[in-house]
Each structure stands twice: as C-alpha cells, then as structure tokens.
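Student: Sequence unavailable; structure follows:
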C-alpha cells in the first residue's frame, strides 16, 4: 500500500465516502455483498486503514481487521467501494 501524510488521510476518507455513495445513491453493490455484516466489515477495514494510515498496512492486515481472508476481503472491498485497496 502506498500511503503518506495528508494524501493518505484523503485516500482513506475517499474510500469511506465512495463506499457509502455506492450503497446509498447508486445501488451498485451486488446484493450478496450488501448484507449488514459485510458492510460492517468494510467499515471496520476503513477504520483500520484510518487508524494505521502512516504504518502502510498490508492487505493481509486490513483483511484480518475485517475478519476475512485477503482474497475475500479484496473481492468484497472492490464490490462495495468500486476500486481495489491501494
């Protein structure tokens, strides 16, 4: 992951904003990915990214915070947010 300073904070906030925009306005989230449990996991992942932004957490660490395998987390995150974790 490539995070640094204010740009990192903006990227993390952009993830959160994009996730909720997709969910609320466009309905672009696949039905099976829009469950309350999955959305809570994405929220936990975004919170983890916010809290550890300067440490540049790896995908595996973020996935663990969401209680998902890295593969499933990556797929779910991309489905909900509309882009992969960078």
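Tutor: The structure has been received and is ready for your questions. Here the structure is a predicted model, which means the values were calculated and not measured. Residues are numbered from 1 along each chain as shown.
Student: Show me where the protein dips below the pLDDT cut-off.
Tutor: Under the criterion of pLDDT under 70, the regions of the chain flagged as low confidence span 1-34.
Student: ranges for the helices of it?
Tutor: Shown for the chain, the helices assigned by DSSP state H span residues 5-21, 36-51, 59-65, 70-81.
Student: orientation of the second one relative to helix 70-81 in degrees?
Tutor: Read it as helix 36-51. Computed with axes from the mean of the first three to the mean of the last three Cα atoms, to 10 degrees, the direction of helix 36-51 lies at 100 degrees from that of helix 70-81.
Student: list the helices and strands helix 36-51 packs on?
Tutor: helix 5-21, helix 59-65, helix 70-81 (3 or more Cβ pairs under 8 Å, 6 or more residues apart in numbering; DSSP states H and E). Using the backbone N, CA and C atoms, a C-beta is placed for each residue, glycine as well.
Student: go on, the shortest one?
Tutor: Contacts of helix 59-65 with other secondary structure elements, assessed using 3+ Cβ pairs under 8 Å, 6+ apart, are made with helix 36-51, helix 70-81.
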